[in-house]
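A.B. asks: just the structure for this:
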Amino acid sequence: MYRTSTGEEIFVIDGHVHLWDASPENILNKYGEGFINCFYDYHRNLSPQEYLWDRSLFARYGREKMVRDLFVDGYVDMAIFQPTYLKDFYRNGFNTTEQNAVLKEMYPDRFILNGAFDPRDGEAGLEYLETLVENYGIRGVKLYTAEWRGNSKGWKLTDLWAYRYLEKCEELGIKNIHVHKGPTIWPLNRDAFDVADVDEAASAFPNLNFIVEHCGIPRIDDFCWIATQEPNVYGGLAVVMPFIHSRPRYFAEVLANLIWWVGEDRLLFGSDYGIWHPRWLVERFMAFDFPEDIKEEFGFELTLDVKKKILGENAARLYGIDIEAQKKRLARDPIGAGR
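C.D. replies: Numbers count the residues shown, from 1 in each chain. Here you go, the predicted model:
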């Protein structure tokens, strides 16, 4: 919970977190090594100095540190797990639903557990999706269209089998489709993260919510043009947020365009933990204001109400969370009592 200088409570939902294992024991090959090295470069280049981790901690920070960083030190009230399997790179997977489920079981009111699917898994994958709903009650999935699988180096939302999976999501009540459409990570291919396939899929499945993680960076313009005409397309701000420190002018321009095109009701805060710590992101966002020339150009300000929507209210709406009722539940758990 973040409290303003006047004592107002801001409910924070971190819409993009991971509990990954990139320890040497779990790395399968040079691709797994290069993948976590690329993540670490983002961490080093975009974090404030006081929030830098050493390489070994970054590779595997563990459950206890994650809980403390998010809920004790980081102002976060709830967090959404976004799994990334990468089993061609890591022996036990990088960040799977099953691995994340351990923390969900320990802190059921703090974490939202999402699953994943890969249409290249065919019929077996459809059955797996059913088991994720049966075993964990998932309400969302995270899709990684650039993930390598054998000789395949990616897939599209418009593929025939992808449509079968989206149809299955509708059938199972999985409404929130989080899709990684952001910067490439070595060795994955940049074109496999292109946002173009979101347009057709969102039109074909109007009852599903497509949360484009990272807002398509570096394809912000393409994302904005798609999202402005597809009312079920949302923007996840993970990766956008850390520019508030390293390039605040760029952050202001990107956020102003996102609000102008997509709207303040369809943007979700995300730290991308453990790439970045939510504490400094929340603090700097709450202290941030648009430069005067941007206010004049776009005709609006970054008000407290807008910040509250982005930090938690929009995600709460997508996941059916009653914020006031949730505050009461969280106040009674060990973390809330410790606060």
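A.B. asks: all strands of the stretch 1-150 of the chain, in order?
C.D. replies: 2-3, 9-10, 13-17, 78-81, 111-113, 140-143 (DSSP state E, counting those that start in this stretch).
A.B. asks: tell me which of those strands is the most buried.
C.D. replies: Most buried of the strands of the stretch 1-150 of the chain by mean neighbour count (mean count of other Cβ atoms under 10 Å) is strand 13-17; its value is a mean of 28. (Each C-beta comes from the backbone N, C-alpha and C, glycine too.)
A.B. asks: residues in contact with it: which ones?
C.D. replies: 66, 70, 74, 76-82, 178, 211, 213, 236-238, 268-274, 278, 311-312, 315-316, 321 (Cβ atoms under 8 Å, 6 or more residues apart in numbering).
A.B. asks: thought Asp149 was touching Asp88?
C.D. replies: Residue 149: Arg, not Asp. Yes: at 6.3 Å, Arg149 counts as touching Asp88 under the criterion of Cβ atoms under 8 Å.
A.B. asks: any low-confidence regions in the stretch 201-339 of the chain?
C.D. replies: 337-339 (pLDDT under 70).
A.B. asks: got the buried residues for the longest helix seen in the chain?
C.D. replies: In the chain, with assignment by DSSP state H, the single longest helix is helix 30-46. In terms of neighbour count (16 or more other Cβ atoms under 10 Å), helix 30-46 has its buried residues at Tyr31, Gly32, Glu33, Gly34, Phe35, Ile36, Cys38, Phe39, Tyr40, Tyr42, His43, Leu46.
A.B. asks: mind putting those into a markdown table with pLDDT?
C.D. replies: Formatted as a markdown table, the buried residues of helix 30-46 follow (pLDDT from 0 to 100):
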| residue | pLDDT |
| --- | --- |
| Tyr31 | 98 |
| Gly32 | 98 |
| Glu33 | 98 |
| Gly34 | 98 |
| Phe35 | 98 |
| Ile36 | 98 |
| Cys38 | 97 |
| Phe39 | 97 |
| Tyr40 | 98 |
| Tyr42 | 97 |
| His43 | 98 |
| Leu46 | 97 |
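A.B. asks: just curious, which of those residues is nearest to Leu188?
C.D. replies: Phe35 (7.9 Å; Cβ to Cβ).
A.B. asks: now do the residue nearest to Gly320 when sequence neighbours are not counted against Arg284, distance only.
C.D. replies: Leaving out its chain neighbours, the residue that sits closest to Gly320 by Cβ to Cβ, 6 or more residues apart in numbering is Arg139, at 7.7 Å. In this view, Arg139 and Arg284 are 30 Å apart by Cβ to Cβ, to the nearest Å.
A.B. asks: what do you get for Glu105?
C.D. replies: 33 Å.
A.B. asks: so for these two, which residue has more residues nearby?
C.D. replies: Counted by other Cβ atoms under 10 Å, Glu105 and Arg284 do not tie: Arg284 has more neighbours, with 16 against 11.
A.B. asks: isn't the more buried one up against Phe243?
C.D. replies: No: at 10.4 Å, Arg284 does not count as touching Phe243 under the criterion of Cβ under 8 Å.
A.B. asks: could you name the residue of the chain that is farthest from its center?
C.D. replies: No residue in the chain sits farther from the centre than Glu296, which is 30.9 Å out by Cα atoms, centre = their mean.
A.B. asks: just the element for that residue, please.
C.D. replies: Assessed by DSSP states H and E, Glu296 sits inside helix 292-298.
A.B. asks: alpha carbons of that helix, as CSV, please.
C.D. replies: The C-alpha trace of helix 292-298 is given here as CSV (Å, rounded to 0.1, in the frame of the first residue of the first chain):
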residue,chain,number,x,y,z
GLU,A,292,4.5,21.7,-19.1
ASP,A,293,4.9,21.5,-22.9
ILE,A,294,3.5,17.9,-22.9
LYS,A,295,0.5,19.1,-20.8
GLU,A,296,-0.1,21.8,-23.3
GLU,A,297,0.3,19.5,-26.3
PHE,A,298,-1.9,16.7,-25.0
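A.B. asks: what packs against that helix?
C.D. replies: helix 248-261 (3 or more Cβ pairs under 8 Å, 6 or more residues apart in numbering; DSSP states H and E).
A.B. asks: for the helix it packs on, list every residue counted as buried.
C.D. replies: Buried residues in helix 248-261 (16+ other Cβ under 10 Å): Phe251, Ala252, Glu253, Val254, Leu255, Ala256, Asn257, Leu258, Ile259, Trp261.
A.B. asks: over to stretch 152-164?
C.D. replies: For stretch 152-164, by 16+ other Cβ under 10 Å, it's Gly154, Trp155, Leu157, Trp161, Ala162, Tyr163.
A.B. asks: and of these, the nearest to Thr184?
C.D. replies: Using Cβ to Cβ, Gly154 is the member of the buried residues of stretch 152-164 that lies nearest Thr184, at 10.7 Å.
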